[in-house]
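Colleague: Below are the sequence and a predicted model for it; my questions follow.
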Amino acid sequence: MTVTPLLEAVELSRAYGACVANERVSLALRAGRIHALVGENGAGKSTLCRMLFGLVRPDAGRILVDGRAVTLRSPRDAMAAGLGMVHQHFMLVDELTVAQNVVLGREPRRGGRMDLARAEAETAELAARFGLAVDPRAPVGGLAVGVQQRVEILKALHGGARVLLLDEPTAVLTAQEVDALLAVLRRLRDEGRAILVVTHKLPEVMAVSDEVTVLRQGRVVGRLDTAATSAVALSELMVGRHVDLSRRPRTTTPAEERLRVEDLVVRGPDGRARVNGVSLSVRAGEVVGIAGVEGNGQAELVEGLCGARSPASGRVVLCGQDVSRASVRRRRDAGLCHVPEDRLAQGLVPAMAVADNAVLGVHHRAPASRGGVLRRAGIAAAAQALVRAYDVRPADPALPVAALSGGNQQKVLVGRELSAGPRVVILAQPTRGVDVGAMERIHAAILAARDAGLAILLVSAELTELLALSDVIHVLYRGRIVHTVDAAAATVESLGPPMLGAGVAA
Amino acid sequence: MGELLAVLAGALRISTPYTLAALGGALSERSGVVNIALEAGLLMGALAHAVVAHASGSPWLGLLAAMAAGVAVMALHAALCLHARANHIIVAVGLNLLAVGTGRFALKALYNSAANGPRVDGFETTWWHAVQELPVAGTVAGTPLVLVAILLVPAVAFLVDRTVLGLRIRAVGQHPAAAETQGVNVLRVRWAALLLCGLLCGLGGAYLAADQHQFTQGMSAGRGFIAVSAVVFGQWRPARVWVGCLLFGLLESLQISLQSSSVGIPGQLVQMLPYAMTLVVLALAASRANAPRALGQPWPAGR
Amino acid sequence: MLLALLPAALAVTTVAVLGAIIIGALGKDALEVGGQALHATLLTGYGLSQVFFKSTPLILCGLAVAVPLTAGLFNVGGEGQLAAGGLAAALVAGWLAGAGAVATTAAVMAAALAGGAAGAGCGVLRHTRGVHEVISTIMANFILAAGCGWLLHAFAAEPGTSHTPELPADVLFTRLGSVLDAVQGSLLSTSLPLALVLAALLQWVLWRTVWGFELRASGLAPRAAVHAGIRAAAMVVGSMALGGALAGLAGAHFVLGARRFFEEGMSGGEGFLGIAVALMARSQPAAVVPAALLFAALSQAGLSMASHVPRELVLVLQGAVVLVLGGTGPLVDALSRRRAEVRDG
């Protein structure tokens, strides 16, 4: 085919400081085709997307729309050029209605004021045309994630997008919602739009795309027709080498119970129970996994266990000691450490040095301090040990944590928690947004901790991670454990239905 | 009955500068800019009104000058917060200090006085005197700005809820990135909100100077801060913010009638009342849970 | 090191440029007026001793802002805390008149307690009810001003005056002139070394103790601090209490080191100026001292040119300095970050 692509990237490059995110990346999107952009975390997919949508300016290279070179200074330029984007983290104003969100920036007016009725009519019409069922008057904040995503797509379509860029659109969706999304994408393709789907989930790529571009470390390493390739071939291209994330079963048998949770109820800030009667047990030398679609109470469960949020009822028993009402510090001192899911907001103090972060949480006891006074030498030694053991780069403990890459930040966090002498470790999304190398190192550290006899509770949204590391997997759905399975017997497919609440009385 | 009416009329008059400043504050904060510089806006408005009204002999020119002064204060606020990415609170503290200093300096430099400026005429015109002769309306209406403030409540509510600018103000205050990706210029919307805020503060300042027929040093006397409290109390919604302003006005009006009725409560204790009530009201009723989510955050984020 | 001096350089430039413009606009020769003021302030013994004298409450009020700011809290209540501390000092010193150093010590502690209670109250409101400390401390300023006025007139004022009875010399801070010939005849008293020692002590506390570490961590990343087992309540209430206590000590300085009695409106806005001082010092207690000296010099220079231009000019310049420091803060931050990255290579 020699049809002019609707959107073409020609040798785009972009660096952040010393880190090259994209290097001479080229890509062509044609009408009536779904193009998948795949790559590991940190391969530069989002950067490319952001350049195509005018959110980031390329250092070099050109962007062509209908064969003509354009300069995209802002999303406004991109939209004017016929591009629309569905962001990984939805760009929706929760307090506004669906229609208000859809028309924001190009509001229909009547006289001096906004014509809300027309906005609602336009939204309803678009929704009907593309089978995106949604109530134009509903406040967006109260909608389910899948519905919110429909609003995102509607926004792009309302802007007249002929090219649709979707950044990790399935990351937060349930399998059902994914199917619905893929159906919508096919319909849009058949209408003659060009679609770019950015993802690292290969089954979806195989299911929906017509062609694939593979990015690795900021460079294009493959351009293929989907029909002519396979998920296995793609994954090897993505990673560039053989990565062993398969199961490494434990060699020891679990010993005594370290953490017991009985009928735990944790309420969110709005007073609703987010964790609703969870009971579980973690023994020394075992990894217990918590699976579930995000937002089903995982964050509150972790906060309730570590003490950052006090439980409404139920018991948390740590090594035989009831710590249900204990402070975070008491639980830490009793041997309960945790890696919170949002490392930059909850786990680390980005503006402080690596050394200070290396002792945060254990700063009140030796070796970091004595008698309420910090011990510089003790802190420096602890930091050096951590930097060396986890290969933190750059290996300068005086550097603020904010200056490190996500993977290195996570190494500091995981390393700190594992070296605090814990008896129980709770890890929430320990490898989110980190590159493959850091992921391998973190996984190895978790397994080593397990083999050393620690009790580990692993909360993750990545089923492959859970399957590779856990001994037992609980599925959390709407704040309850609805399914428990031996990890050796579980598969990605078998965990899907319970994660969606299948077989659970609503 | 007459006394009650007097208290209520007093409440309406006293709440006027609160209402004007707080409406401005609500606009500013709905767009995501923390604004505790309402005090500076009021004070500079009052100064500009008094100076220009005195020099020109026209209170209406004074009113224009007051609005210009309020806008100037908030333009400085906007420039520093939106472009220099300064901390909104620090900027406001600086503006408030600068306003107090400018007021005192101007009094000294222009009128060689440490405390107050020369007398200026109020807005009372012939036709307005006729209104004031009316039995009830006259007592309540005071100066025209009292009515203007009342009319501005639905006007600002309409602006926020029903206009394109209002939708964008709400959007950039809640989720600037979402607005940006829809092509809305976040900084421009915040500028608009701040300039409107300055306009309103200027009006409030003009009311103060016109009401007392002169400018006195520090005459805003914390009213801007009470207006800030009213914004929080009213959960950033114009109508509710107005209710807050009326409440504070009523308290103060009661205080004045208490003072004059000499029930034996020391004046200083009564003076504390509005400030103490502000704290009590904020502690009991208001939560920041409904605050605009991007309040106080620089845009673009990061860096 | 140069970066640390940048805020001061910006402040001096602001004062010089804006001051010159305003003085010029008043039809005066800015160079001559400014030069005379500088000479009278920095090159005469009297001028210098006045600068140090005026810097004492500024150091304390600067620390009163810097400590809570380290925990991410804005204490705008220095003015009210200062009044509370001053009244407490005057009352206690009055009761214990004749007890000498014991009375002085007790009065100083009472001042710290009174100011500290005022600060802690706002901290409690912040932590338990979510009332923003900027609003609550501003309200507290008005409440404390009125409250102290009431207490003064109802119970403590010398009949026929609006101040407390003059305190006997034995309970006052010792004049430094009595032990140090060089400053004989000046107003300097032991409150100056007290302020200097406190600045040094707090520098150590914030950077070398566990409590200071926790304060810094919760100021920079409050949620991470909670997850690390740091109690938010202790940080919020503790830092506000300490800040209030420091401002209360400034009140003690006015009563025991300057006026010999408590009166309404005792401070010349030192409580607010402390914000400017802390900003210039970038919340570093040790740096509060030079910053306070700079503002004290500015204020003294304003006084010494009062015959040429209104001394209220100083107030305008102070406000402008806060704006310039606030406006350039993010830039200075960015520069120091850039430097850290460059050093890293």
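Modeller: Arrived safely, thanks for sending.

Colleague: quick one, longest helix in chain C?
Modeller: If you go by DSSP state H, chain C has its longest helix at helix C:313-344.

Colleague: My error: substitute chain B in the last question.
Modeller: When chain B is parsed with DSSP H, its longest helix is helix B:2-30.

Colleague: and the very next helix or strand once past that helix, C-alpha only, in PDB?
Modeller: Elements were assigned by DSSP states H and E; along the chain past helix B:2-30, the next helix or strand is helix B:38-56. The C-alpha coordinates for helix B:38-56 follow below in PDB (Å, rounded to 0.1, in the frame of the first residue of the first chain):
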ATOM      1  CA  LEU B  38      -7.600  39.400  49.600                       C
ATOM      2  CA  GLU B  39      -6.500  41.600  52.400                       C
ATOM      3  CA  ALA B  40      -4.000  43.300  50.200                       C
ATOM      4  CA  GLY B  41      -6.600  43.700  47.500                       C
ATOM      5  CA  LEU B  42      -9.000  45.400  49.900                       C
ATOM      6  CA  LEU B  43      -6.500  47.700  51.400                       C
ATOM      7  CA  MET B  44      -5.000  48.800  48.000                       C
ATOM      8  CA  GLY B  45      -8.500  49.300  46.700                       C
ATOM      9  CA  ALA B  46      -9.400  51.400  49.600                       C
ATOM     10  CA  LEU B  47      -6.200  53.500  49.300                       C
ATOM     11  CA  ALA B  48      -6.700  54.000  45.500                       C
ATOM     12  CA  HIS B  49     -10.300  55.000  46.000                       C
ATOM     13  CA  ALA B  50      -9.500  57.500  48.700                       C
ATOM     14  CA  VAL B  51      -6.600  59.000  46.900                       C
ATOM     15  CA  VAL B  52      -8.300  59.400  43.500                       C
ATOM     16  CA  ALA B  53     -11.700  60.400  44.900                       C
ATOM     17  CA  HIS B  54      -9.900  63.100  47.000                       C
ATOM     18  CA  ALA B  55      -7.800  64.300  44.100                       C
ATOM     19  CA  SER B  56     -10.600  64.300  41.500                       C
END
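
Colleague: Would you agree B:A48 is in contact with B:L61?
Modeller: No. Counting by CB atoms under 8 Å, B:A48 sits too far from B:L61 to count as a contact (10.1 Å). Using the backbone N, CA and C atoms, a C-beta is placed for each residue, glycine as well.

Colleague: Have a look at the two and say which one is more surrounded.
Modeller: Between B:A48 and B:L61, counting by other CB atoms under 10 Å in any protein chain shown, B:A48 is the more crowded of the two (27 against 14).

Colleague: quick check: domain ranges of chain C?
Modeller: What the record gives for chain C is the domain set C:1-26+C:309-345, C:58-283, from automatic domain parsing.

Colleague: Is A:T484 bridged to anything, and to what?
Modeller: Beta-bridge partners recorded for A:T484 (DSSP bridges): A:H474.

Colleague: I'd say it and A:S470 touch.
Modeller: No. Counting by CB under 8 Å, A:T484 does not reach A:S470; the two are 11.2 Å apart.

Colleague: Between those two, which has more neighbouring residues?
Modeller: Between A:T484 and A:S470, counting by other CB under 10 Å, A:S470 is the more crowded of the two (26 against 13).

Colleague: who touches residue 44 in this structure?
Modeller: With no chain named, the answer covers chain A. A:G44 sits next to A:21-22, A:25, A:215, A:217-219 when contact means CB atoms under 8 Å, 6 or more residues apart in numbering or on different chains.

Colleague: switch to chain B, that's the one I care about
Modeller: Residues near B:M44 by CB under 8 Å, 6+ apart: B:69-70, B:72-73, B:99, B:102-103, B:202, B:205.

Colleague: which parts of stretch A:339-349 are buried?
Modeller: A:339-341, A:343-344, A:346-349 (16 or more other CB atoms under 10 Å in any protein chain shown).

Colleague: ok, now stretch B:87-96?
Modeller: When burial is assessed from 16+ other CB under 10 Å, stretch B:87-96 yields the following buried residues: B:87-96.
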